[in-house]
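Participant: Give me a model of this one.
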Amino acid sequence: MEMIKDMEEKMKNAIILLEEITRKRLENREISKQNYGLLLDAHLSAMACIGTLLLNNSMKPCKTSDSISSRLALIASFVQGIDLCETSISEGLYAQAANMLKQELETIAAIEEVISGTRKDGKTPNVKFVKWDMGKIYGELNKVAHVSDKKALHPLYQIKPIGNAQPVSMVPIYNKSISRELYSIHVCFLIQIGKHLIDLNNELYEEYDSSTEYFMLIGAMKRLEDEGFLSGDTLQLQ
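Facilitator: Next up is the predicted model:
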């Protein structure tokens, strides 16, 4: 009986730890929102484009092909993970966010390969052809996602040294520069998915006017530029 009571008492520690992690994540989210600046508007504009295109045409009959079906499946995979990716970034789960951003990048690369006719099942998509040289960040995301580089990993978890000791935190630590960088990358990917959706809708519904949605993406890119991410020379959707 004593052992059972002891175990029951210690099980409370699981609840305490999970509650503390959740509390810290929500605290990080509030700080993130305060520091995103125009990145929040960019995210909203890109999401408005994506949401409008998906919801307005979801029930309409349309033509199909292997290319269209493949792109729709890849876009669905991307869209279903948007909230999880944003949550991981905004709440300080940066290693987890790197994994999801890596998947988002690979998904966009796969869409590009389907369009060019070079997609091969079972092969990792080649990210170097993704617009805006986004493939260049793949290696950095990989380091964090695969916890293979301590120089990339330690800043995510280490806290203020105590003497010669370098303690780590078991709850998510907010990091402004990492948060803004990852969030901007996520928004870049949202914009590219939005452009692929515009192209797909124009292919499926020839009468559909997507000029407003396109303008939303241009606005999102402008806000990224205003916040110091991307440059005027890079901002091309074609």
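Participant: longest helix in this structure, by residue count?
Facilitator: In the chain, assigned by DSSP state H, the helix with the most residues is helix 2-36.
Participant: and E225, how far is that from W132?
Facilitator: According to CB to CB, to the nearest Å, E225 stands 11 Å off from W132. For every residue, glycine as well, the C-beta is placed using N, CA and C.
Participant: about what we covered before: tell me the buried residues in the longest helix of the chain?
Facilitator: Of all the residues in helix 2-36, those buried under the rule 16 or more other CB atoms under 10 Å are I21, K24, R25, N28, R29, S32, Y36.
Participant: can you map out the helices along the protein?
Facilitator: Counting by DSSP H, the chain has helices at residues 2-36, 39-57, 66-80, 82-90, 94-116, 138-145, 150-157, 176-204, 211-226.
Participant: Model confidence score at R119, please.
Facilitator: On the pLDDT scale, R119 is placed at 90.
Participant: Could you pull up the residues touching it?
Facilitator: Neighbouring residues of R119 by CB atoms under 8 Å, 6 or more residues apart in numbering: S70, A110, E113, P125.
Participant: so what's the first one closest to, chain neighbours aside?
Facilitator: Spatial nearest neighbour of S70, excluding adjacent residues (CB to CB, 6 or more residues apart in numbering): V114 at 4.7 Å.
Participant: how about that neighbour, what does it touch?
Facilitator: Per CB under 8 Å, 6+ apart, neighbours of V114: S67, S70, R71, L74.
Participant: Out of the residues you listed, which end up buried?
Facilitator: Buried members of the contacts of V114, scored by 16+ other CB under 10 Å, are S70, R71, L74.
Participant: Dump those into JSON lines; add distance to F215 as well.
Facilitator: What follows is these, written out as JSON lines (distance: CB to CB, whole Å):
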{"residue": "S70", "distance to F215": "28"}
{"residue": "R71", "distance to F215": "23"}
{"residue": "L74", "distance to F215": "25"}
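Participant: Now tabulate those in JSON lines and tack on pLDDT.
Facilitator: Output for these, formatted as JSON lines (pLDDT from 0 to 100):
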{"residue": "S70", "pLDDT": "93"}
{"residue": "R71", "pLDDT": "93"}
{"residue": "L74", "pLDDT": "96"}
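Participant: tell me which of these is nearest to L55?
Facilitator: Among the buried ones among the contacts of V114, R71 lies closest to L55 (CB to CB), at 18.0 Å.
Participant: so that closest one makes contact with I115?
Facilitator: Yes - here R71 reaches I115: they are 7.4 Å apart, a contact under CB atoms under 8 Å.
Participant: So what's the residue count around S65?
Facilitator: Residues within reach of S65, counting by other CB atoms under 10 Å, total 9.
Participant: ok, it - contacts?
Facilitator: Contacts of S65 by CB under 8 Å, 6+ apart: none found.
Participant: Looking at the contacts of R119, which two lie furthest apart in space?
Facilitator: So, the contacts of R119 by CB to CB: farthest apart are S70 and P125, at 11.9 Å.
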